[in-house]
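In: Whatever this is, show me its structure:
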Amino acid sequence: MAQFRVLLLLLAFLNFTLAHNVKLGAQGRECFFEDLRRGDQMSVTYQVGDHDGQGSSGSLEIDFWISDPMNQIVKSEKDVSFGEASFTAVESGRYTYCFSNEGSGYVSREVAFNVHGVVFVDASETPADPLEIEIKNLGVVVEQVKDELEYLLVRERMHRNTAESTNARVKWWSMFQLGVVAGSGIFQVYYLKRFFEVKSVV
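Out: Alright, predicted model coming up:
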């Protein structure tokens, strides 16, 4: 009987989490979808990075939006490098979310994103025990904490890659400057030595 209650508990309040990476080429767009029922909750967290890992001359920004089954925009963000969009489905159907790099003329982007949410089952199918309701609520909070930690790990990886790329460029630029200074010093010594040479006329 206890196992049956646990099974009902899991069915009554299902949590789903999906983690993905997608490459957006120059002028590229990628769309995904989820089939939701009325009352389902969905959240998308995303972080934009440089696909080539060589840094970027500009900021890492894309456009993001979510549309409902009637192709009406539910959420929309322009020129963002990270973010989170959450919503509750007001009607059943296919909800589409898109990442667009169409504002960039030549730079590729990499987007790491998580899709997580809560799928609700009719309350008449779930037990009304207050203890089980609290356990379900606790499960939701634990899943939210886990999703947030995964999102922060993705952001930390993206920021570390950016910092390492910047450090590498600074290192090579410093070595180039050192070479220029050394070459300039050698040229000046050679030039001054020739300038003060005594020339004898026979």
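In: Buried residues, stretch 36-46. List them.
Out: Neighbour counts over stretch 36-46 (16 or more other C-beta atoms under 10 Å) mark 36, 40-46 as buried. Yep, even glycine has a C-beta here, placed from its N, CA and C like the rest.
In: can you put those in CSV and add distance to Trp65, secondary structure and pLDDT?
Out: Converted to CSV, the buried residues of stretch 36-46 look like this (distance: C-beta to C-beta, whole Å; DSSP: H, G, I helix; E, B strand; the rest coil; pLDDT from 0 to 100):
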residue, distance to Trp65, secondary structure, pLDDT
Leu36, 16, strand, 87
Asp40, 19, coil, 85
Gln41, 18, strand, 85
Met42, 14, strand, 86
Ser43, 15, strand, 85
Val44, 10, strand, 87
Thr45, 15, strand, 85
Tyr46, 12, strand, 85
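In: from the residues you listed, which two are the most distant?
Out: Across the buried residues of stretch 36-46, the longest distance by C-beta to C-beta is 19.6 Å; it joins Asp40 and Tyr46.
In: For the protein, which segments are assigned as helices?
Out: 2-12, 130-195 (DSSP state H).
In: Nearest the middle, which residue of the chain would you pick?
Out: Geometric centre of the chain, nearest residue: Gln47, 1.5 Å, by C-alpha atoms, centre = their mean.
In: That one and Arg37: what is the separation?
Out: According to C-beta to C-beta, to the nearest Å, Gln47 stands 29 Å off from Arg37.
In: Over to Gln177?
Out: Relative to Arg37, Gln177 is positioned 62 Å away (C-beta to C-beta).
In: cool, and Glu61?
Out: Applying C-beta to C-beta to Glu61 and Arg37 gives a distance of 33 Å.
In: for Ile66, same thing?
Out: From Ile66 across to Arg37, the span is 16 Å (C-beta to C-beta).
In: Same check on Arg160?
Out: Using C-beta to C-beta, Arg160 is found at 39 Å from Arg37.
In: same thing with Ile62?
Out: Look at Ile62 and Arg37: by C-beta to C-beta, they are 29 Å apart.
In: try Leu24
Out: Applying C-beta to C-beta, the value for Leu24 to Arg37 is 30 Å.
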